[in-house]
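Enquirer: Sequence and predicted structure are below.
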Amino acid sequence: QEQLVESGGGSVQAGGSLTLSCEVSGLTFSAYNMAWFRQVSGKERDVVSVIDWSGGRTNYADSVKGRFTISRDNAKSTMYLQMTNLKPEDTAVYYCAITRGSTVGVSTSSVIFWGQGTQVTVSS
């Protein structure tokens, strides 16, 4: 059975850093594009960053460009999101996802499987 397990969330002060991990099992990890989403309570789940199956193509939301870096290790079936210079507005539950289709225009409708989410809280 497919399983996506996020880890690495927590609480940090503004300007701090966190690295999220998403370990995938139950499918051929290297065959799929993947993405990180985030959701603030009461709001829609928005895409943060996308990476293609090879790791060679990535996209970022404008709000995180230059601060977040997505990567993957296909040998470990794990995707990462390195987050630096964190801001209070980055506070959200972060979800990893396996996606279908292009790395452009990814939305929740692109998602095949979701992780359970991990909370990131940034205090000012």
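Expert: In hand now; what should we look at?

Enquirer: which stretches of the chain aren't confidently modelled?
Expert: Across the chain, no stretch falls below the confidence threshold (pLDDT under 70).

Enquirer: For it, which segments are assigned as helices?
Expert: Counting by DSSP state H, the chain has no helices at all.

Enquirer: bridging residues for the spatially most central residue of it?
Expert: To find the centre residue of the chain, average its C-alpha atoms and take the closest one (CA atoms, centre = their mean): that gives residue 36, at 2.1 Å. With DSSP bridges applied, the residues forming beta bridges to residue 36 are residue 49, residue 96.

Enquirer: contacting residues for it?
Expert: Under the criterion of CB atoms under 8 Å, 6 or more residues apart in numbering, the contact list for residue 36 reads 20, 22, 47-50, 70, 79, 81, 94-97. Where C-beta positions appear, they are placed from N, C-alpha and C, glycine not excepted.

Enquirer: With residue 95 instead?
Expert: Remark: with contacts taken as CB under 8 Å, 6+ apart, residue 95 is in contact with 6, 36, 37, 38, 39, 45, 114, 115, 116, 117, 118.

Enquirer: same check, this time on residue 23
Expert: 4, 5, 7, 76, 77, 78.

Enquirer: what number of residues lie near residue 41?
Expert: Using other CB atoms under 10 Å, the number of residues around residue 41 comes to 7.

Enquirer: now it: how far from residue 4?
Expert: When CB to CB, to the nearest Å is the yardstick, residue 41 and residue 4 sit 21 Å from each other.

Enquirer: how much space between residue 67 and residue 108?
Expert: With the distance defined as CB to CB, residue 67 ends up 23 Å from residue 108.

Enquirer: just residue 52 next, same as before
Expert: Distance check for residue 52 against residue 108: by CB to CB, it reads 18 Å.

Enquirer: where exactly do the strands run in this protein?
Expert: Along the chain, the stretches classed as strands by DSSP state E are 3-7, 10-13, 18-25, 33-39, 45-51, 58-60, 68-73, 78-83, 92-99, 111-114, 118-123.

Enquirer: partner strands of the second one, parallel or antiparallel?
Expert: Strand pairing for strand 10-13, determined by DSSP bridges: strand 118-123 (parallel).

Enquirer: residues touching residue 107, list them.
Expert: residue 47.
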